[in-house]
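**Q** task: produce atomic coordinates for the following.
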Amino acid sequence: MPNPFDARRELLGAAKKFILETPKASAPAPFEPPRLTLAALEKISMSRSRDRILANLEEMYSEAFKRAKASEDESQMASLDFAYRREQLYFEILLDVRDAIERRG
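**A** Residues are numbered from 1 along each chain as shown. Model prediction:
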């Protein structure tokens, strides 16, 4: 017949081992601060489509143009028209660069 004290000692030993021993943690990954590098740009997905960006631009300027038209402010309307065309050109250039980078990768 097995000795009941041996079973208790084994159980007590297992409990001590479970409670007192901590598992070894793996080393944390080194911190890499974000940098605007080619590798970082390649990780970022370009999710907005060209049409969506240009539609948002058009919506924003058309609302402002309608307000200027309602107030009959001719100089504001002309200024908004020029600004819209300039911003549209800037965005198209940036989108062309983005598309070229995506094709390259």
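
**Q** now for the protein, the helix or strand with the poorest mean pLDDT.
**A** helix 38-43 (a mean of 71; mean pLDDT, DSSP states H and E).

**Q** alpha carbons of it, as PDB, please.
**A** Coordinates of each C-alpha in helix 38-43 appear next as PDB, following Å, rounded to 0.1, in the frame of the first residue of the first chain:
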ATOM      1  CA  LEU A  38      11.200  53.200 -48.800                       C
ATOM      2  CA  ALA A  39      10.800  50.100 -46.600                       C
ATOM      3  CA  ALA A  40       8.200  51.800 -44.400                       C
ATOM      4  CA  LEU A  41       6.300  53.100 -47.500                       C
ATOM      5  CA  GLU A  42       6.300  49.600 -48.900                       C
ATOM      6  CA  LYS A  43       4.600  48.300 -45.800                       C
END
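
**Q** now do the buried residues in that helix.
**A** By 16 or more other Cβ atoms under 10 Å, helix 38-43 has no buried positions at all. Where C-beta positions appear, they are placed from N, C-alpha and C, glycine not excepted.

**Q** list the helices and strands the longest helix along the chain packs on?
**A** What stands out as the longest helix in the chain, according to DSSP state H, is helix 74-104. The contact analysis (3 or more Cβ pairs under 8 Å, 6 or more residues apart in numbering; DSSP states H and E) places helix 74-104 against helix 50-70.

**Q** any low-confidence regions in the protein?
**A** For the chain, applying pLDDT under 70 flags the ranges 1-5, 22-25, 41, 44-47, 105.

**Q** rerun that using 90 as the cut-off
**A** Scanning the chain for pLDDT under 90 picks out 1-54, 95, 98-105.

**Q** residue 32 in helix, strand or coil?
**A** coil (DSSP: H, G, I helix; E, B strand; the rest coil).

**Q** count of residues packed around it?
**A** Counted with other Cβ atoms under 10 Å, the neighbours of residue 32 add up to 7.

**Q** list the buried residues in the longest helix of the chain.
**A** Those would be 77, 80, 84, 95, for helix 74-104 by 16+ other Cβ under 10 Å.

**Q** now those residues in JSON lines, with distance to residue 15?
**A** As requested, the buried residues of helix 74-104 are exported to JSON lines (distance: Cβ to Cβ, whole Å):
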{"residue": "77", "distance to residue 15": "82"}
{"residue": "80", "distance to residue 15": "76"}
{"residue": "84", "distance to residue 15": "74"}
{"residue": "95", "distance to residue 15": "65"}
